[in-house]
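**Q** A predicted structure for the sequence below; I have some questions about it.
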Amino acid sequence: MGHCHIGLQEDGKLCSHMAERGYDVSSGARGLKQEARKVQIMARKVYNTIPNLVTEASNDGPLERLEVKLMPTGQKEYEVGVTLKRD
């Protein structure tokens with residue numbers, strides 16, 4: 001992955017959600033590292049769906065824009081998702 005911008009929508013809510021998901025009852029700790037790794041994997045999958053071959057010339061073009069946000073999965077339930085932003 002390269003030459004991209006990853007933005008966050010409603011970062012406070014997003015980080016709170018990730019901290020809650022990463023909560024480990026046995027240690028009482030909120031581990032964000034694993035949750036961040038999940039976002040990294042999702043971003044890579046979205047980036048890989050962008051058509052065209054990535055070359056050195058891609059660095060001269062516009063940034064690809066990805067957005068991390070909470071996406072509704074049900075009534076008052078959300079999960080973290082990554083989308084490709086097209087202006």
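**A** Cool, the structure landed.

**Q** mind listing what's buried in the longest strand seen in the chain?
**A** As assigned by DSSP state E, the longest strand anywhere in the chain is strand 64-74. Across strand 64-74, burial judged by 16 or more other C-beta atoms under 10 Å covers Glu64, Leu66, Glu67, Val68, Lys69, Leu70. (Each C-beta comes from the backbone N, C-alpha and C, glycine too.)

**Q** so for that strand, what's the average pLDDT?
**A** The pLDDT scores in strand 64-74 average 94.

**Q** ok, it: who's next to it in the sheet?
**A** strand 4-8 (parallel), strand 77-85 (antiparallel) (DSSP bridges).

**Q** so how far is that strand from its chain's centroid?
**A** Offset of strand 64-74 from its chain centre (C-alpha atoms, centre = their mean, to the nearest Å): 7 Å.

**Q** so which strand or helix has the residue of the chain most remote from its centre?
**A** Distance from the centre of the chain peaks at Ser26, with 27.0 Å (C-alpha atoms, centre = their mean). Of the helices and strands defined by DSSP states H and E, none includes Ser26.

**Q** Test my guess that Lys13 contacts Leu70.
**A** Yes - Lys13 lies in contact with Leu70 (C-beta atoms under 8 Å); the separation is 6.0 Å.
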